[in-house]
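Trainee: sequence and predicted structure below; questions after.
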Amino acid sequence: MSLDPQTRQTIESLLNENPVVLFMKGNRGQPQCGFSAKAISALDMLVPDYLTIDVLQHADIREGIKAYGNWPTIPQLYVQGELIGGSDIIQEMFASGELAETLGVDVPAADAPAITLDESARETMQRALAGHPNMAIHLRIDAGWGHQLSLAAPAPGALSVELDGLRLQIDPWSATRAEGLRIELREDLTGTAFAFDNPNAPPPVRPLTVQDLSQRLDAGEPVYLFDVRRDDERAVAVIPGARPWNAETDRMIASLPKDTPLLFHCHHGSRSRAAAERYRRQGYTEVYNVEGGIDAWSTEIDPSVPRY
């Protein structure tokens, strides 16, 4: 199969600009096939952020990436521009520790963490284990601080946490994120679910009103405010002092201490919330989303800023 020059250029630009790229079906939040979901599961354990390309939305890339790397199936993982492989290889490399090495992530030497359960969570886990004496409850905490419990056979290399006769298994990466974790069973309008109170997790993205933003800007103190909108939107209207969010500012953010306040805005607040969440997953502890975005700034703070 020949590769269209424009598609080749698009693929090479993606690989040159992003150290880790997964070509998959669906996206990180909603994989559209089991193989893509397994690839996401392994990557999420090791790195908080990487680029995913939904080939279902880009037919040219879907076929082009197969020709580019001479690899016939999706998903495909590239690291530093080099093809690593598909779902099975990704899973095998994760289990062996080779994927961590490829991604530049050290395999931690972890001890079994202190974890507590409330009585309802304990009883639910015990019921799940009833009749499955050779199984264990597995806890995973990924690099983006997502928590997951599952019932499966004991895994080689996993740490065991004994909780009053209840065996909880945890991989080394999760173990370094689990010290002091409390697991509860909570009920709301949608039903019951496990809830995780993890003192190690970065705080959630915080909402920031345009009034609060105005006060910060008026104070004259350095403010790291990033505008995640497209260039054509910025040509219409900007908030004074906002930096465009691009590769250059991303590198600048990477150089800042993790406790630096980071503020993000867009048109109405949804895109900037997603961008802010990206940096929260990377461990930044004071991340804000400007609620209402530049539209709220125009209506509530500065009417001279055009609305669109």
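Mentor: It's in.
Trainee: need the contact list for residue 14.
Mentor: If a contact means C-beta atoms under 8 Å, 6 or more residues apart in numbering, then residue 14 has 21, 51, 53 as its contacts. In this view, the C-beta of every residue, glycine as well, is placed from N, C-alpha and C.
Trainee: which helix or strand contains the last one?
Mentor: So that's residue 53. Here residue 53 sits within strand 51-54, counting by DSSP states H and E.
Trainee: now the element after that strand, going C-ward?
Mentor: helix 59-69.
Trainee: centre of the chain to the helix or strand following that following helix, how far?
Mentor: Next helix or strand after helix 59-69 toward the C-terminus (DSSP H and E): strand 76-79. Taking the mean of its C-alpha atoms, strand 76-79 sits 17 Å from the chain's own mean (C-alpha atoms, centre = their mean, to the nearest Å).
Trainee: helices or strands up against strand 76-79?
Mentor: Under the contact criterion of 3 or more C-beta pairs under 8 Å, 6 or more residues apart in numbering; DSSP states H and E, the helices and strands touching strand 76-79 comprise strand 20-24, helix 59-69, strand 82-85.
Trainee: right, and those - which one's nearest residue 114?
Mentor: Among those, the nearest to residue 114 by C-beta to C-beta is strand 20-24 (32.3 Å).
Trainee: and the strand holding residue 53, which residues are buried?
Mentor: 52-54 (16 or more other C-beta atoms under 10 Å).
Trainee: just stretch 199-209 next, same as before
Mentor: Across stretch 199-209, burial judged by 16+ other C-beta under 10 Å covers 201-202, 205, 208.
Trainee: ok, so of the buried residues of strand 51-54, who is nearest residue 176?
Mentor: Using C-beta to C-beta, residue 52 is the member of the buried residues of strand 51-54 that sits closest to residue 176, with 24.8 Å.
Trainee: which stretches of this protein aren't confidently modelled?
Mentor: Under the criterion of pLDDT under 70, the regions of the chain flagged as low confidence span 1.
Trainee: domain map for it?
Mentor: 5-103, 115-197, 206-300 (automatic domain parsing).
Trainee: distance between the last one and the chain's centre?
Mentor: Computed by C-alpha atoms, centre = their mean, the chain-centroid distance of domain 206-300 equals 19 Å.
Trainee: rewinding a little: between the helices and strands packed on strand 76-79, which gets nearest to residue 142?
Mentor: Of these, the one closest to residue 142 (C-beta to C-beta) turns out to be strand 20-24, at 14.4 Å.
Trainee: now the closest one - C-alpha only, PDB.
Mentor: Output in PDB follows, covering the C-alpha atoms of strand 20-24 (Å, rounded to 0.1, in the frame of the first residue of the first chain):
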ATOM      1  CA  VAL A  20       4.400   9.100  23.100                       C
ATOM      2  CA  VAL A  21       1.700   8.600  20.500                       C
ATOM      3  CA  LEU A  22      -1.000   5.900  20.500                       C
ATOM      4  CA  PHE A  23      -3.000   5.400  17.300                       C
ATOM      5  CA  MET A  24      -6.100   3.700  18.500                       C
END
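Trainee: orientation of it relative to helix 59-69 in degrees?
Mentor: For strand 20-24 against helix 59-69, the angle by axes from the mean of the first three to the mean of the last three C-alpha atoms, to 10 degrees is 120 degrees.
Trainee: following strand 20-24, which helix or strand shows up next?
Mentor: Tracing the chain past strand 20-24, the next element assigned as helix or strand by DSSP H and E is helix 34-46.
Trainee: can you show me the CA trace of that next one as CSV?
Mentor: Output in CSV follows, covering the C-alpha atoms of helix 34-46 (Å, rounded to 0.1, in the frame of the first residue of the first chain):
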residue,chain,number,x,y,z
GLY,A,34,-10.8,-4.1,23.6
PHE,A,35,-7.3,-4.1,22.2
SER,A,36,-7.2,-0.2,22.4
ALA,A,37,-8.5,-0.4,26.0
LYS,A,38,-5.8,-2.8,27.0
ALA,A,39,-3.1,-0.5,25.5
ILE,A,40,-4.6,2.5,27.3
SER,A,41,-4.6,0.5,30.6
ALA,A,42,-0.9,-0.3,30.4
LEU,A,43,0.2,3.2,29.4
ASP,A,44,-2.0,4.9,32.0
MET,A,45,-0.1,3.0,34.7
LEU,A,46,3.2,4.5,33.7
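Trainee: for it, packing partners?
Mentor: For helix 34-46, the contact count by 3+ C-beta pairs under 8 Å, 6+ apart identifies strand 20-24, helix 87-96, helix 98-103, helix 172-175 as packing neighbours.
Trainee: so what's residue 290 closest to, chain neighbours aside?
Mentor: residue 265 (3.8 Å; C-beta to C-beta, 6 or more residues apart in numbering).
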